[in-house]
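*Asks:* Sequence first, predicted coordinates after that:
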Amino acid sequence: MEKIMKNERRIQIGVMGSCVDLDYSKKTEEAAEELGRLIGENLDAVLFFGAEKDMSSLSQAACRGARRAGGLAVGVTYGKTFDVMENADIVIPTGLDRGGGREFVLALSCDVIISISGGSGTLNELAVAYQAGIPMVGLTGFGGWTDKMVKERYFDGRKRMPIVEAKTPAEAVATAINLAKNRRG
């Protein structure tokens, strides 16, 4: 893919989504992996994801896709060790628990977030992004908090920023890159 920005920090794109204990479908997992692949193919982007230690997740599927495409994947994990299920290029141990702060570090490390499906952790990451003014893209059609939030568009009556709907992984990544560029100015 052609380089689209010169002499700038890479766009840090977070992919957040359900853990396997929410019984997501193979089709959902494939869409998350496709998100990662598309991010990985972009020379100006880096994938940030929630690196799990004990179960798979849609974020980790995105990591697999990015790594297969030769992209850079940064896993933000809970606890104090570098042990994660997927082989991230870079692991950031937060020293925090799952549901106890890791979501803040992960969300705040991103220029833009793409969510797919999602349980309470994804909702937390989206709420942090909303409060911090980090653009959000929701890949719809896979249920979870992503579909609910896209339907609502805003977290509250302040209507600071909507979660932008995307219907395909390609649309989600292209939209995320545009939102991140616009945020940078």
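*Replies:* Received, thanks. Numbers count the residues shown, from 1 in each chain.
*Asks:* ok but Val74 is inside a helix, no?
*Replies:* No: the assignment for Val74 is strand, going by DSSP: H, G, I helix; E, B strand; the rest coil, so no helix is present there.
*Asks:* okay, now it: neighbour count?
*Replies:* Neighbours of Val74 under the rule other C-beta atoms under 10 Å: 21. (Glycine included, C-beta is placed from N, CA and C.)
*Asks:* ok, and the closest non-adjacent residue to it?
*Replies:* Ile90 (4.5 Å; C-beta to C-beta, 6 or more residues apart in numbering).
*Asks:* Look up how far Glu29 lies from that neighbour.
*Replies:* Taking C-beta to C-beta, to the nearest Å as the measure, Ile90 falls 23 Å from Glu29.
*Asks:* neighbour-wise, which of the two wins?
*Replies:* Glu29 (23 against 13).
*Asks:* what's the nearest residue to that one if we skip its chain neighbours?
*Replies:* Ala61 is the one closest to Glu29 (C-beta to C-beta, 6+ apart), at 4.9 Å.
*Asks:* Touching, that neighbour and Ala32? I think so.
*Replies:* Yes: counting by C-beta atoms under 8 Å, Ala61 does reach Ala32; the two are 4.0 Å apart.
*Asks:* Spit out the residues that contact those two alike.
*Replies:* Any residue near both Ala61 and Ala32 by C-beta atoms under 8 Å, 6 or more residues apart in numbering counts here, and that gives Gly17.
*Asks:* got a list of what the residue nearest to Glu29 touches?
*Replies:* Counted by C-beta under 8 Å, 6+ apart, Ala61 has contacts 17, 29-30, 32-33, 36.
*Asks:* switch the cut-off to 7 Å
*Replies:* 29, 32-33, 36 (C-beta atoms under 7 Å, 6 or more residues apart in numbering).
*Asks:* Can you point out the buried residues in the helix or strand it falls within?
*Replies:* Following DSSP states H and E, one finds Ala61 within helix 58-68. Applying a neighbour-count criterion of 16 or more other C-beta atoms under 10 Å, one finds 58-67 buried in helix 58-68.
*Asks:* Return the member of these nearest to Trp145.
*Replies:* Distances from Trp145 to the buried residues of helix 58-68, taken as C-beta to C-beta, are shortest for Leu58 (11.9 Å).
*Asks:* which non-adjacent residue is nearest the closest one?
*Replies:* Gly17 (2.9 Å).
*Asks:* Mind giving me the packing neighbours of the helix or strand harbouring Val91?
*Replies:* Using DSSP H and E, Val91 sits within strand 90-93. In terms of contacts (3 or more C-beta pairs under 7 Å, 6 or more residues apart in numbering; DSSP states H and E), strand 90-93 is packed against strand 73-77.
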